[in-house]
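S.K.: coords please:
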Amino acid sequence: MDEQIDVRGDGRIVLYRRSNSVNGVYHVRLRIPGSNGYKRLSTKHSKRRDAEHFALNLYEELYFHVRDGGSLNAPKFSKAFDAWKKACAKRKTTLKKGSWENTIQRVEMYALDYFGDTQIDKIGKKEISSYGTWRYDNYKRKPPTEDSLKRECTALHSFFRYLHETGAIRVTTEPPE
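M.R.: Residues are numbered from 1 along each chain as shown. All right, here's what the predicted structure looks like:
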């Protein structure tokens, strides 16, 4: 890094150009209060003013995302699912003496396809509701019954509880309306 610019003078937004860069594009390193690590990415701008504008807007977006319970580098649903599946394999039965294999299959069959590349901290009530609506119309053999959908929701709840217990996601309380 030949050129570094601390945009606000506090180390939270640092623009830089890579020494081996052919096109002179600025990159940004963001440090957001309340999160661990940094977010690094290309601004895709070679003009300093455009790069600063991009960086400031991204910082603000990420600041509010983290403040509202999000994460800078949250894993995708598919990666979190793999970790959950491995953790479940070590357990004998579910809380109600059911099979973890069935619980895993319920999430794997549809939710994994639906949420696969979505970051886990971007899945909220709205996205779960959209999944439920989508699920009514998307099935492999026959339309789902209410009982099937309840079992799938219970399995998803188990998955999200695991994410909360491992610290992958935070549960925030919403103010009353």
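S.K.: check the secondary structure at residue 20 for me.
M.R.: Three-state call for residue 20 (DSSP: H, G, I helix; E, B strand; the rest coil): coil.
S.K.: local confidence estimate at it?
M.R.: Note on residue 20: pLDDT of 83.
S.K.: likewise residue 70?
M.R.: Reported pLDDT for residue 70: 74.
S.K.: thought it was touching residue 121?
M.R.: Yes. Using CB atoms under 8 Å, residue 70 makes contact with residue 121 at a distance of 4.4 Å. (Glycine included, C-beta is placed from N, CA and C.)
S.K.: and residue 11, how far is that from residue 115?
M.R.: From residue 11 across to residue 115, the span is 35 Å (CB to CB, to the nearest Å).
S.K.: residues in contact with the spatially most central residue of the chain?
M.R.: Nearest to the geometric centre of the chain sits residue 119, at 2.3 Å (CA atoms, centre = their mean). Contact partners of residue 119, counting by CB atoms under 8 Å, 6 or more residues apart in numbering, are 71, 74-77.
S.K.: same thing but 10 Å
M.R.: If you count contacts by CB atoms under 10 Å, 6 or more residues apart in numbering, residue 119 has them with 70-71, 73-77, 79-80, 169.
S.K.: and the helix or strand where residue 80 lies, what's buried?
M.R.: Using DSSP states H and E, residue 80 maps to helix 77-89. Residues of helix 77-89 classed as buried by neighbour count (16 or more other CB atoms under 10 Å): 77, 80-81, 84-85, 88.
S.K.: for that helix, packing partners?
M.R.: In terms of contacts (3 or more CB pairs under 10 Å, 6 or more residues apart in numbering; DSSP states H and E), helix 77-89 is packed against helix 100-106, helix 112-115, helix 146-165.
S.K.: next, the angle helix 146-165 makes with that helix.
M.R.: Helix 77-89 and helix 146-165 are oriented at 90 degrees to each other (axes from the mean of the first three to the mean of the last three CA atoms, to 10 degrees).
S.K.: next, report how far helix 77-89 is displaced from the centre of its chain.
M.R.: A distance of 14 Å separates the centroid of the chain from that of helix 77-89, by CA atoms, centre = their mean, to the nearest Å.
S.K.: now the residue nearest to the centre of the chain, which residues is it bridged with?
M.R.: residue 76 (DSSP bridges).
S.K.: now it: how far from residue 111?
M.R.: For residue 119, the distance to residue 111 - CB to CB - is 15 Å.
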